[in-house]
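Undergrad: Turn this into a structure:
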Amino acid sequence: MEEEAAVAMDNNKSTSPKPNAMNSLKLTKMGSVSSKDKRVYKIVLTGGPCGGKTTGQSRLCTFFENLGWKVFRVPETATVLLSGGVKFSDLTEKEAYKFQENLIRTMVQIENTYFELGNSSTRNCLIICDRGVMDASAYISKDKWEKMMAGNKWNPVEMRDNRYNQILHLVSAANGAEDFYSTEDHACRSEGVELARELDYKSAAAWVGHPYFDVIDNSTNFETKMNRMIESVCQKLGIDIGDRLQATSRKLKYLIATLPPDSEFPPFQDFDVVHHYLQSAGPKVQARLRKRGQKNHWSYIHTQRRPNVHGQARIEVKTQLTHRDYMNLLAQRDDAHFTIYKKRRCFLINNQYFQLDIYREPGHPRCKGLVLLETYSSLTGEALKNCMPKFLNIVKEVTGDPDYSMFNLSLKEDWSTTKKYCRPTSHARGATNGVTSTPPLVLNGQ
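TA: As a prediction, this is how the structure comes out:
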């Protein structure tokens, strides 16, 4: 992902990843790209106090500017407003409600200004938002938030899922790196450790449900934490990072015996999800459409999966679509596959973000009653076991097992006779992102 370089950040020298400038970017003169290849990628950096958002912005900015991208950094709206003399403790309940409502409106307008600049740029563009609109929900009650959403005709799918491409939650130092927690260098920060932990959890919970939500915890040193953050963005963009970063996060998948009652779950968000596989350019390329929504509000994603590129087990390039583009691409559906219907349940526990896929009919009989749990983590062994949901009956880990690949599950033909069944090639079962996995995690006495 990087060449070696020392870059000064926040008055400290630290090794910041620099990109391989040759990775799949079709540049024309002065770093511009053709309009059909240009990408505008919008991310939110969120998290509790003292999580590394300021440094993270700088690191991402340096990395992507070295790639030839244009980078815009959207300032934190709350800091702008609070630095003007506003003290929350002095506001009445009505004033506080109105302040939050106006804060969101201001934030949306500021972000839209940068989004329009990104759309008009002739270069690939990364837009880094210091917090996003859903963060405001962490500071008011659920009832008031829903009242505010209804009064402004806002809905969570548009405000949370469609507005931003990826959410990165940088866990506060107050949660796992207490020795490094400080409020000295931030004029608007005064939280103690316990309050910082509470705010960290609330800001994470505000984004539960976003399809690309990554929690960057304090399980490593700060330098590696920053590298993990950059790596996460590159993975979602499909940028080849090779093996230059340590503590690579792996996609993990587990088979669940049965679905427990809703009362056993922490706060969660449920979505209706529909997948269609498309005809692809070759046998090693998979393309699919995903429609994902709540209460008839939808987001649409096109995913192209290219396995075994430059030694990596998988590169996925995801593109957000309009409803019109989605309908047009449906004409390319591959008749060799069933449409996949799921209920997807998203929840956060132990600083780990999980997605539970509950397969629904109609579909192939092999999918009947199937429940799969997915997460991304760099943890292994006991550390990984301790962060897993204890209320779920995990039968076994199925990471990399082709029998639990959605591509294979959706095939209409019998696996014993079809030539389309996708098997692992040079990478062993359980290897993801170019990293051979540790032995399968055994839970619940299995």
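
Undergrad: My guess is T122 contacts D37. True?
TA: No - the criterion here is CB atoms under 8 Å, and T122 misses it with D37 at 11.2 Å. For every residue, glycine as well, the C-beta is placed using N, CA and C.

Undergrad: Need the overlap of contacts for the two.
TA: Residues touching both T122 and D37 (CB atoms under 8 Å, 6 or more residues apart in numbering): none.

Undergrad: Now the strand or helix carrying G56: buried residues?
TA: Using DSSP states H and E, G56 sits in helix 53-67. Buried residues in helix 53-67, counting neighbours by 16 or more other CB atoms under 10 Å, are found at 53-64, 66-67.

Undergrad: Identify the residue with the minimum pLDDT among those.
TA: When the buried residues of helix 53-67 are compared by pLDDT, N66 scores lowest at 74.

Undergrad: how far away is that residue from D403?
TA: Using CB to CB, to the nearest Å, we find N66 at a distance of 42 Å from D403.

Undergrad: What of L321?
TA: In terms of CB to CB, L321 sits 30 Å off from D403.

Undergrad: So those two - more neighbours on which side?
TA: L321 (18 against 12; other CB atoms under 10 Å).

Undergrad: which non-adjacent residue is nearest that one?
TA: Take L321 and drop its neighbours on the chain: the residue closest to it by CB to CB, 6 or more residues apart in numbering is Y300, 4.1 Å away.

Undergrad: Sticking with the one you found, tell me its helix or strand.
TA: Going by DSSP H and E, Y300 is in strand 297-309.

Undergrad: Pull out the buried positions in stretch 90-103.
TA: Quick answer for stretch 90-103 (16+ other CB under 10 Å): A96, Y97, F99, Q100, E101, L103.

Undergrad: For the strand holding Y300, output the C-alpha coordinates as PDB.
TA: The C-alpha trace of strand 297-309 is given here as PDB (Å, rounded to 0.1, in the frame of the first residue of the first chain):
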ATOM      1  CA  HIS A 297     -36.500   3.600   1.300                       C
ATOM      2  CA  TRP A 298     -33.700   1.900  -0.700                       C
ATOM      3  CA  SER A 299     -30.000   2.100  -1.400                       C
ATOM      4  CA  TYR A 300     -28.500   0.400  -4.500                       C
ATOM      5  CA  ILE A 301     -25.000  -1.000  -4.900                       C
ATOM      6  CA  HIS A 302     -23.100  -2.700  -7.800                       C
ATOM      7  CA  THR A 303     -20.300  -5.000  -6.700                       C
ATOM      8  CA  GLN A 304     -17.600  -6.400  -9.000                       C
ATOM      9  CA  ARG A 305     -15.500  -9.100  -7.400                       C
ATOM     10  CA  ARG A 306     -12.100  -9.900  -9.000                       C
ATOM     11  CA  PRO A 307     -10.400 -12.800  -7.200                       C
ATOM     12  CA  ASN A 308      -6.600 -13.400  -7.200                       C
ATOM     13  CA  VAL A 309      -5.500 -10.000  -8.400                       C
END
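
Undergrad: Just the buried residues of it, please?
TA: Residues of strand 297-309 classed as buried: W298, S299, Y300, I301, H302, T303, Q304, R305, R306, P307 (neighbour count, 16+ other CB under 10 Å).

Undergrad: try stretch 130-140
TA: D130, R131, G132, V133, M134, D135, A136, S137, A138, Y139, I140.

Undergrad: And those, which two are furthest apart?
TA: Pairwise distances across the buried residues of stretch 130-140 peak at 19.7 Å for D130 and I140 (criterion: CB to CB).

Undergrad: Quick check: which ranges of the protein have low pLDDT?
TA: Within the chain, the segments meeting pLDDT under 70 span 1-36, 182-191, 241-249, 283, 307-315, 424-446.

Undergrad: what's the following helix or strand after the longest helix belonging to it?
TA: Counting residues, the longest helix found in the chain (DSSP state H) is helix 93-120. Once helix 93-120 ends, the next helix or strand along the chain (criterion: DSSP H and E) is strand 125-130.

Undergrad: Show the subsequent helix or strand relative to that next one.
TA: On the C-terminal side of strand 125-130, the closest following helix or strand by DSSP H and E is helix 142-151.

Undergrad: Run through who's touching that next one.
TA: Y97, Q100, E101, I104, A136, S137, I140, W154, N155, P156, M159.

Undergrad: ranges for the strands of the stretch 151-300 of the chain?
TA: 166-170, 213-216, 250-256, 268-278, 286-294, 297-309 (DSSP state E, counting those that start in this stretch).

Undergrad: what angle do the fourth one and strand 297-309 make?
TA: Strand 268-278 and strand 297-309 meet at an angle of 60 degrees, taking axes from the mean of the first three to the mean of the last three CA atoms, to 10 degrees as the criterion.

Undergrad: Likewise for the third one?
TA: Orientation note: strand 250-256 sits at an angle of 110 degrees relative to strand 297-309 (the same axes, to 10 degrees).

Undergrad: Given strand 250-256, what are its sheet partners and their directions?
TA: strand 371-377 (antiparallel), strand 394-397 (antiparallel) (DSSP bridges).

Undergrad: who are the neighbours of the host helix or strand of I43, in terms of helices and strands?
TA: According to DSSP H and E, I43 maps onto strand 40-46. Applying 3 or more CB pairs under 8 Å, 6 or more residues apart in numbering; DSSP states H and E, one finds that strand 40-46 contacts helix 53-67, helix 93-120, strand 125-130, strand 166-170, helix 222-237.

Undergrad: My read is that K342 contacts Q355, right?
TA: No - using CB under 8 Å, K342 makes no contact with Q355, being 9.9 Å away.

Undergrad: higher neighbour count, these two?
TA: Applying other CB under 10 Å to K342 and Q355 shows that K342 carries more neighbours, namely 24 against 20.

Undergrad: Show me the beta-bridge partners of the more buried one.
TA: Here K342, judged by DSSP bridges, has bridge partners V273, Y359.
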